[in-house]
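**Q** the sequence isn't on hand, but the structure is:
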């Protein structure tokens, strides 16, 4: 039986991925799941045996898959259902993640499974693994202005993310935290992956700011490209990401699986079209008045900023 | 293929740059960041507890500057505020106890690190170490000389013991998820343990014990920070205890 092709949303973290995924996930033809993060590894068991040095928050990485399995196969997200999901995963611990993902796809068919895990952009093998697992998938590449994205990463958890992914600039023998390097390299990783492995008709680049400023128009275009309903009712439903079963905190044993800020307030508010910061101005996070690197500026211009 | 600017990576790696200078400055930056993060988070938690508006209101409602309850006060409200005050006091006491426990554990970790480092130094000078060890063993057992095999076994045992203690102290919280949203004092304890022990082992792991001075500096800073927090908390706690005692008197008048 052929399954409907899944949708992957890829973008560096803090690029509106959670909100856009939440909106697309409540489309009547789509089933949006939390961040599964399963494609980091070959098998599920590896996700359970990650050491502390491997990730900054190893147990949280499993919350997405546990909540998804609990909701899809057990019909609820309670501690008992999460325990069931643990057992479900344990029975499939030696499976290739492709087969696990296929089982999830089959369970939600005829709906199309939508997955987004922004950290895939740091690991090209992870992107390649999900594409090899689902060669018929559609990929949405979401972009965000470098200054906005960098400010956002720095404002979360004291800027731990750029630290954890090693986004350092070296000047005068000193390591300076500069998230623009992560913005550039993660986007380059995505572009390298898309341009080398994915046929052009299977991916679409979308400006996050444009989508939030004109949701009706942009979502309609997106639906048409994905081949799903684009009538008014479908668009209206997509404006309510809070209706997703994953748009809140899970039970104690699997609280997360998504951006906690979104889980606290999963409502969509249409944003006014704002003037984006200039690409040549001094950066607010650099005390030395440094600006964006020429490579970062060139890439941002290529994205239309 | 497009070129990247830096070396962003996932999962996080112990060593990122081959150039030792770059790697050293990266490590320094990461360590400064972690220290700031740990101290900042602990301070934010304690500040939030101490600034709790409800606490101030409770005290205000219970008695004025002369220790008398305000006139025409509702008895039910008085009782509920009194309970609230009592609860806050229990909570603060628990935090103070947690901080003291952390202080003790930090001290112990530092002591073990120190012992492990000296053990390591001795190992590098094997002959000298053998002699010292045997001498100390002989000292302990009078004039009986121990056979070399037993000496080796004892040495292994000492090292294993140190390692066991290190591991035990470095991983007091195996999985913190289960501790979330339990009773308040327990939750607070788990937060405190998370704040300090989730971050410390990264700097203290024996495998990367290249620079003991750096580790000691980190521990020393953490200790100082905890001592300061504990001092602040203790003084607030005493103040609160006084309030509760005077509130007890107020309640007795009503009873």
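**A** Here it is on my side, so go on. Please read all numbers here as calculations on a predicted model, not as lab measurements. Numbers count the residues shown, from 1 in each chain, chains lettered A, B, ... in the order given.
**Q** so residue A:117 sits right up against residue A:33, yeah?
**A** No: using CB atoms under 8 Å as the test, residue A:117 is too far from residue A:33 to be in contact (10.0 Å). (C-beta placed from N, C-alpha, C; glycine too.)
**Q** anything in contact with each of these two?
**A** Counting by CB atoms under 8 Å, 6 or more residues apart in numbering or on different chains, the common neighbours of residue A:117 and residue A:33 are residue A:64.
**Q** shaky segments in the stretch 1-150 of chain B?
**A** Where the stretch 1-150 of chain B drops to pLDDT under 70, the residues are B:10-15, B:31, B:34-78, B:80-150.
**Q** 50 instead?
**A** B:127, B:129, B:132-147, B:150 (pLDDT under 50).
**Q** again, but for chain A
**A** Looking at chain A by pLDDT under 50, you get A:51-57.
**Q** give me the residue from it nearest chain B.
**A** residue A:122 (3.6 Å; CB to the nearest CB).
**Q** how close does residue A:68 get to residue A:104?
**A** 7 Å (CB to CB, to the nearest Å).
**Q** whoops, I mixed them up, residue A:301
**A** With CB to CB as the criterion, residue A:301 and residue A:104 are 39 Å apart.
**Q** swap in residue B:1?
**A** Relative to residue A:104, and taking CB to CB, residue B:1 is found at 32 Å.
**Q** same question for residue A:63.
**A** Taking CB to CB, one finds residue A:63 at 15 Å from residue A:104.
**Q** who's more crowded, the two?
**A** More crowded of residue A:63 and residue A:104, by other CB atoms under 10 Å in any protein chain shown: residue A:63, with 25 against 21.
**Q** thought the more buried one was touching residue A:250?
**A** Yes: proximity of residue A:63 to residue A:250 meets the contact threshold set by CB under 8 Å, at 6.4 Å.
**Q** overlap in contacts, these two.
**A** A:256, A:257.
**Q** so which strand or helix has residue A:211?
**A** helix A:208-213 (DSSP states H and E).
**Q** now that helix: buried residues?
**A** Neighbour-count burial for helix A:208-213 flags A:208, A:209, A:211, A:212 (criterion: 16 or more other CB atoms under 10 Å in any protein chain shown).
**Q** and it, how far out from the chain's middle?
**A** 16 Å (CA atoms, centre = their mean, to the nearest Å).
**Q** check which residues of stretch A:90-109 are buried.
**A** A:92, A:95, A:97, A:98, A:100, A:101, A:102, A:104, A:105, A:108.
**Q** in space, what's closest to residue A:212 - neighbours in sequence excluded?
**A** The shortest distance from residue A:212 to any non-neighbouring residue, by CB to CB, 6 or more residues apart in numbering or on different chains, is to residue A:271 (4.5 Å).
**Q** what's near enough to touch that neighbour?
**A** Taking CB under 8 Å, 6+ apart as the test, what residue A:271 contacts is A:209, A:212, A:213.
**Q** that one in helix, strand or coil?
**A** Secondary structure, DSSP: H, G, I helix; E, B strand; the rest coil: residue A:271 is coil.
**Q** could you list the buried residues of the helix or strand residue A:63 falls within?
**A** In this assignment (DSSP H and E), residue A:63 forms part of helix A:63-74. Residues of helix A:63-74 classed as buried by neighbour count (16+ other CB under 10 Å): A:63, A:64, A:65, A:66, A:67, A:68, A:69, A:70, A:71, A:72, A:74.
**Q** give me the contact list for stretch B:17-27.
**A** A:166, A:168, A:170, A:173, A:174, A:175, B:7, B:15, B:16.
**Q** show me what the fifth one is bridged to.
**A** Taking DSSP bridges as the rule, residue A:174 bridges to residue A:171.
**Q** what about it, neighbour count?
**A** With other CB under 10 Å as criterion, residue A:174 counts 12.
**Q** now it: how far from residue A:114?
**A** Distance from residue A:174 to residue A:114, by CB to CB: 42 Å.
**Q** what of the last one?
**A** Applying CB to CB, the value for residue B:16 to residue A:114 is 33 Å.
**Q** now swap in the second one and tell me
**A** Residue A:168 sits 34 Å away from residue A:114, going by CB to CB.
**Q** same check, this time on the third one
**A** Counting by CB to CB, the gap between residue A:170 and residue A:114 amounts to 39 Å.
**Q** equivalent analysis for the first one, please.
**A** The span separating residue A:166 from residue A:114 equals 29 Å under the rule CB to CB.
**Q** and what of residue A:144?
**A** Taken as CB to CB, the span from residue A:144 to residue A:114 is 19 Å.
**Q** same thing with residue A:137?
**A** Residue A:137 is 10 Å from residue A:114, by CB to CB.
**Q** joint contacts of the two?
**A** In contact with both residue A:137 and residue A:114: A:6, A:7, A:8, using CB under 8 Å, 6+ apart.
**Q** the one helix or strand the last one maps to and chain B, any residue contact?
**A** Which is residue A:8. Here residue A:8, judged by DSSP H and E, is contained in strand A:7-10. No: figure legend: strand A:7-10 not in contact with chain B (CB under 8 Å from any CB of the partner chain); closest approach 13.9 Å.
**Q** and that strand, how far out from the chain's middle?
**A** Put simply, strand A:7-10 sits 7 Å off its chain's centre (CA atoms, centre = their mean).
**Q** give me the sheet partners of that strand and which way each runs.
**A** By DSSP bridges, strand A:7-10 pairs with strand A:112-116 (parallel), strand A:138-143 (parallel).
**Q** could I get those strands in a markdown table, plus columns for mean neighbour count?
**A** Formatted as a markdown table, the strands paired with strand A:7-10 follow (neighbours: other CB atoms under 10 Å in any protein chain shown):
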| stretch | mean neighbour count |
| --- | --- |
| strand A:112-116 | 26 |
| strand A:138-143 | 22 |
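**Q** I'd like the ones you listed as TSV, with distance to residue A:16 appended.
**A** Below are the strands paired with strand A:7-10 laid out as TSV (distance: least, CB to CB, whole Å):
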stretch	distance to residue A:16
strand A:112-116	11
strand A:138-143	6
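**Q** which strands and helices sit next to the following helix or strand past the helix holding residue A:63?
**A** Next in sequence after helix A:63-74, counting helices and strands by DSSP H and E, comes helix A:79-91. When contacts are defined as 3 or more CB pairs under 8 Å, 6 or more residues apart in numbering or on different chains; DSSP states H and E, helix A:79-91 sits against helix A:63-74.
**Q** could you give the angle of the helix it packs on to strand A:112-116?
**A** 160 degrees (axes from the mean of the first three to the mean of the last three CA atoms, to 10 degrees).
**Q** ok, residue A:234 - contacts?
**A** Contacts of residue A:234 by CB under 8 Å, 6+ apart are A:27, A:28, A:29, A:223, A:228.
**Q** hmm, residue A:110 and the last one touching each other?
**A** Okay, so that is residue A:228. No: contact criterion CB under 8 Å: residue A:228 and residue A:110 do not qualify, at 11.1 Å.
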